[in-house]
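S.K.: sequence first, predicted model second:
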Amino acid sequence: LLATMAAAAVALPQDAAPPPRRSRWSKRNAPPPSVVVAAPPAELCAPPSPAHPAAAPRRQRAAAGPSYIMQHYHSTGCAGGAFSWRAALLDPWKAPNACLEPREYRETTAADIELSKADKRGGGGPRVGPFQEAIPGGGWRALPKYDYTTRNRSCAYNERMHVEWENHVDHILSNGGELPVASVVAKAGFRSCAPCCRDMLALARPTGKTFIMVDLAEDDKRGTFHFVVGDRYLPVPKEACSEEEVAALKRVVSRAQGGGYASGIEIHDAVLDLGAPIDEVAQAFYLGDRALLPAGCARDLKGAALLGVLHAEHFARLPAEYGASILRDPARPEQPRRAVEACRALAKKALVDAWAPHLAGQGINLEAYAAAAVAPMLPDDASEYQRLRRGLRPAAAAAPAAAEVASA
């Protein structure tokens, strides 16, 4: 069953002719499939999420200062942004591959991390592995994104799976086909990008599981602790934390990685109990994603089904957010625009196909959900994107000092 997951989860539409077989050196004569991606509807036709039972409220402290998560969203996704280099290489003819083999981690030094930051294209890319107190410390094994010495990687549309999700796949493979209570990763050299933030919420909400990501993990003064617990999201910027708060958050992450909490809610409450500052602008932004399924609708997802959904979710949001950096750029030629639209259409169908057997009878409009998943958080239209981008700025200054958060 696992061996057939890749083909079942990501495939060309049935009404599209399969691409002709070519050698890697042959000239391409046929264009990619012609597709049109419809704009996602305003609302998904899904039942409302059940309310959390009433309990003593916990207070959430808003982080002071700018939202570095939102700054990163715009620096990567704007016209000509950091995503645009890889986005211009998206190719709907590149057959998807969902790898189900254990990943091959590499010894990672401080010099490796510095090379990744200094050479964005040839330095190996982000490096992600297990969390530890000091990274790289006396020794750390991680996955560099662009490691071409191994074939144990998933890919689609000419782009590799982000190594955060290669780690999560490895956690599932080593845990009997299920996500652990908390799937924890540490990312060195870079901040977490929009596809990975969206993915965490997209998987945690229906399954009720917990994802924790510590980005810029080699730096105690910059970066974010991301805690995604079911339908809740606590992004904690290290820039707004004291040295003691960073140390306490590290202890929470280490305990979660070691299986020291019985549930995700215990992790969520431990973070709030520390009084850690929350980036409420980014929190509201990502919790407002229109492509989120009802909470708890797929709690029993495991094995090949879970891996299939994970791959389909990830490779939906890659062309969504990567592609936006192309479509928001009026100077881009037609060919890369058509490639982005074709990849989104393939990803939309793959996402519907991956979820459909597991959500039957729940009244969820999967077509609407998938259309929202392959669309970016902010519009592709350049002028509308700029208008909304400007509109987000005053929201950061207007964020309340504290908010009531019900604890389950």
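M.R.: Looks like it came in fine.
S.K.: show me where the protein has strands.
M.R.: With DSSP state E as the criterion, the chain has strands at 58-62, 106-107, 127-129, 141-144, 155-156, 159-160, 182-188, 210-214, 224-229, 232-237, 277-278, 402-405.
S.K.: which helices and strands does the fifth one pack with?
M.R.: Just to be clear, that refers to strand 155-156. In this structure, strand 155-156 packs against helix 303-327, with contacts taken as 3 or more C-beta pairs under 8 Å, 6 or more residues apart in numbering; DSSP states H and E. Every C-beta, even on glycine, is put in place using the N, C-alpha and C of the backbone.
S.K.: ok so, going back, okay, the strands of the chain in TSV with distance to residue 354 next?
M.R.: Formatted as TSV, these follow (distance: least, C-beta to C-beta, whole Å):
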stretch	distance to residue 354
strand 58-62	34
strand 106-107	30
strand 127-129	23
strand 141-144	23
strand 155-156	12
strand 159-160	18
strand 182-188	19
strand 210-214	18
strand 224-229	20
strand 232-237	23
strand 277-278	32
strand 402-405	32
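S.K.: need those in JSON lines (columns: distance to residue 340, mean pLDDT and mean neighbour count).
M.R.: Formatted as JSON lines, the strands of the chain follow (distance: least, C-beta to C-beta, whole Å; pLDDT from 0 to 100; neighbours: other C-beta atoms under 10 Å):
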{"stretch": "strand 58-62", "distance to residue 340": "36", "mean pLDDT": "89", "mean neighbour count": "16"}
{"stretch": "strand 106-107", "distance to residue 340": "31", "mean pLDDT": "96", "mean neighbour count": "14"}
{"stretch": "strand 127-129", "distance to residue 340": "25", "mean pLDDT": "97", "mean neighbour count": "28"}
{"stretch": "strand 141-144", "distance to residue 340": "26", "mean pLDDT": "96", "mean neighbour count": "23"}
{"stretch": "strand 155-156", "distance to residue 340": "13", "mean pLDDT": "96", "mean neighbour count": "23"}
{"stretch": "strand 159-160", "distance to residue 340": "12", "mean pLDDT": "94", "mean neighbour count": "20"}
{"stretch": "strand 182-188", "distance to residue 340": "25", "mean pLDDT": "98", "mean neighbour count": "26"}
{"stretch": "strand 210-214", "distance to residue 340": "26", "mean pLDDT": "98", "mean neighbour count": "26"}
{"stretch": "strand 224-229", "distance to residue 340": "27", "mean pLDDT": "98", "mean neighbour count": "27"}
{"stretch": "strand 232-237", "distance to residue 340": "27", "mean pLDDT": "98", "mean neighbour count": "24"}
{"stretch": "strand 277-278", "distance to residue 340": "33", "mean pLDDT": "98", "mean neighbour count": "23"}
{"stretch": "strand 402-405", "distance to residue 340": "37", "mean pLDDT": "30", "mean neighbour count": "13"}
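S.K.: point out where the stretch 1-150 of the chain drops to low pLDDT.
M.R.: Where the stretch 1-150 of the chain drops to pLDDT under 70, the residues are 1-57.
S.K.: quick one: the helices in it, in order.
M.R.: Under the criterion DSSP state H, counting those that start in this stretch, the stretch 1-150 of the chain contains helices at 5-9, 68-77, 84-87, 110-118.
S.K.: please apply the same query to the stretch 251-400 of the chain.
M.R.: 264-273, 280-287, 303-327, 334-355, 366-373, 382-398.
S.K.: just want the angle from the longest one to helix 366-373.
M.R.: Taking axes from the mean of the first three to the mean of the last three C-alpha atoms, to 10 degrees, helix 303-327 and helix 366-373 form an angle of 50 degrees between their directions.
S.K.: show me what helix 303-327 is packed up against.
M.R.: Helices and strands touching helix 303-327, by 3+ C-beta pairs under 8 Å, 6+ apart, are helix 5-9, helix 68-77, helix 84-87, strand 155-156, helix 163-173, helix 194-207, helix 334-355, helix 366-373.
S.K.: most tightly packed of the helices of the stretch 251-400 of the chain?
M.R.: Greatest average neighbour count among the helices of the stretch 251-400 of the chain goes to helix 303-327 (a mean of 26), per mean count of other C-beta atoms under 10 Å.
S.K.: looking at the helices of the stretch 1-150 of the chain, which is closest to residue 259?
M.R.: Nearest to residue 259 among these is helix 5-9; the distance by C-beta to C-beta comes to 26.5 Å.
S.K.: one step back: using CSV, please lay out the helices of the stretch 251-400 of the chain together with distance to residue 164 and mean pLDDT.
M.R.: Formatted as CSV, the helices of the stretch 251-400 of the chain follow (distance: least, C-beta to C-beta, whole Å; pLDDT from 0 to 100):
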stretch, distance to residue 164, mean pLDDT
helix 264-273, 18, 98
helix 280-287, 15, 97
helix 303-327, 9, 97
helix 334-355, 18, 98
helix 366-373, 18, 98
helix 382-398, 24, 70
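S.K.: now distance to residue 66 too, for those, in TSV please.
M.R.: Below are those laid out as TSV (distance: least, C-beta to C-beta, whole Å):
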stretch	distance to residue 66
helix 264-273	21
helix 280-287	8
helix 303-327	21
helix 334-355	30
helix 366-373	27
helix 382-398	6
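S.K.: out of these, nearest to residue 81?
M.R.: helix 303-327 (4.8 Å).
S.K.: now do the closest one against helix 334-355, angle only.
M.R.: Using the same axes, to 10 degrees: helix 303-327 against helix 334-355 is 160 degrees.
S.K.: who wins for proximity to residue 174 among the helices of the stretch 1-150 of the chain?
M.R.: Of all the helices of the stretch 1-150 of the chain, helix 5-9 sits nearest to residue 174, with 16.8 Å by C-beta to C-beta.
S.K.: got a list of what the closest residue to residue 195 other than its chain neighbours touches?
M.R.: Nearest non-adjacent residue to residue 195, counting by C-beta to C-beta, 6 or more residues apart in numbering: residue 317, 4.2 Å away. Counting by C-beta atoms under 8 Å, 6 or more residues apart in numbering, residue 317 makes contact with 194-195, 198-199, 202, 373-374.
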